[in-house]
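Undergrad: Quick one, fold the following:
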Amino acid sequence: MLNHIKNLRAALGFFSLLPVGRTEALTPEQFGRLPAFYPLVGLVFGLALGFLGLLAGEVLPPDLTALALVLFLVVISRGFHLDGLADTADALFSHRPRAEKLAILKDSRQGTFGVLAIVLSIIIKIQLLTHLVPAAPWLLLLWPAWGRLGASVVAVLSRYAGAETGQGRFMVERSGPRELGLAALFTFGPSLIFGPPALLAAAAALLFGLALVPVWHRALGGITGDLLGASVELTEIFTLVFFYFLTLV
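TA: Numbering: from 1, shown residues only. Purely as a prediction, here's the structure:
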């Protein structure tokens, strides 16, 4: 249990603004354990979103509440995943050879496709949350965890693309089935409390992560840290879309 708490603190320190400790001293093996705790980071974000949703919903209309929620999630996660989504969009839509796409991923400058990806991601989330939160406010507690389960699947089941050595490589190459099992447990356990719709959304996130793996491998021969961030963003959007159509049935 103590190790799990330490790993959660490390994950929060790496993926959020929360002042829970430094991550520079983590070993490669410790970075390899972090994919197990992506969904727990999402649950922490979800608790904050749920509280913010209650407060904002008392004074703001649904669309402005959704805007506040999305902006809060961007800030608390340091825009980490949006940056990965933007770099991924610039690389994939460049229609260049694989080696040049990997080089684009390392370029800190944002291109047209990257900016469009950020804007569309934010707009889609705001629109969907505007419709979903009033009817199912508990969604806010679980939605960030669902998005991060997709990234856990991608991290564990992928190979690393590129030659550089760093934190992203460690999270991919040093993680394994144990981390994926814990990530699933940390997602499906809380989802069980809210019944079939939540469990179906968690399962959809898992399957979407599985579907992303061959897409990333076919495009780039593997994944990088940017693609992990993109996986979070895309799984968050996918689970909201899935939940929207699920509630229409």
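Undergrad: My understanding was that Leu220 contacts Ala99; is that so?
TA: No: counting by C-beta atoms under 8 Å, Leu220 does not reach Ala99; the two are 9.8 Å apart. Using the backbone N, CA and C atoms, a C-beta is placed for each residue, glycine as well.
Undergrad: more neighbours, those two?
TA: Comparing Leu220 with Ala99 by other C-beta atoms under 10 Å, the one with more neighbours is Leu220, at 22 against 10.
Undergrad: Skipping its backbone neighbours, what lies nearest that one in space?
TA: In space, and not counting its chain neighbours, Leu220 is closest to Ala161: 4.9 Å by C-beta to C-beta, 6 or more residues apart in numbering.
Undergrad: Distance of that neighbour relative to Ser175?
TA: 16 Å (C-beta to C-beta, to the nearest Å).
Undergrad: quick one: the helix or strand bottoming out on mean pLDDT in the chain to chain centroid distance?
TA: None of the helices or strands of the chain scores lower by mean pLDDT, DSSP states H and E than helix 2-15, at a mean of 76. Here the centre of helix 2-15 is set off from its chain's centre by 16 Å, with C-alpha atoms, centre = their mean, to the nearest Å.
Undergrad: buried stuff in the helix or strand following that helix?
TA: Using DSSP states H and E, the helix or strand that follows helix 2-15 towards the C-terminus is helix 28-33. Under the neighbour-count criterion of 16 or more other C-beta atoms under 10 Å, helix 28-33 has Gln30, Phe31, Gly32, Arg33 buried.
Undergrad: same question, stretch 107-126
TA: For stretch 107-126, burial by neighbour count (16+ other C-beta under 10 Å) applies to Gln110, Gly111, Phe113, Gly114, Ala117, Ile118, Ser121, Ile122, Ile124, Lys125, Ile126.
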